[in-house]
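Participant: Give me a model of this one.
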Amino acid sequence: MFWFDKHDDRAVFGGIRSETITVTDHSHREDGTRTLGIEPAC
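Facilitator: Now for the predicted structure:
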């Protein structure tokens, strides 16, 4: 979900998920992984 101006009352944001994901990314660390943290922007 995205918006151009999150302070604009016309924008609706519905992302409330919170999770941590480890993905393959050989450009990041020695073991070729990257950890992504996804959290609400409230």
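Participant: can you pull out the strands in this protein?
Facilitator: 19-24, 33-38 (DSSP state E).
Participant: Adjacent strands (with direction) for the last one?
Facilitator: Okay, so that is strand 33-38. According to DSSP bridges, strand 33-38 forms sheet pairs with strand 19-24 (antiparallel).
Participant: which residue is nearest the middle of this protein?
Facilitator: Ile38 (4.3 Å; CA atoms, centre = their mean).
Participant: re the thing from before, put together JSON lines for the strands of the chain, with distance to Ala11 on each row.
Facilitator: Every residue, glycine included, has its C-beta placed from N, CA and C. Listed next are the strands of the chain as JSON lines, based on distance: least, CB to CB, whole Å:
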{"stretch": "strand 19-24", "distance to Ala11": "23"}
{"stretch": "strand 33-38", "distance to Ala11": "19"}
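Participant: For these, give me a markdown table that also has mean pLDDT and distance to His7.
Facilitator: A markdown table is the format used below for the strands of the chain (pLDDT from 0 to 100; distance: least, CB to CB, whole Å):
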| stretch | mean pLDDT | distance to His7 |
| --- | --- | --- |
| strand 19-24 | 92 | 26 |
| strand 33-38 | 90 | 22 |
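Participant: Looking at those, spot the one closest to Asp9.
Facilitator: strand 33-38 (25.1 Å; CB to CB).
Participant: Cheers, nothing more for now.
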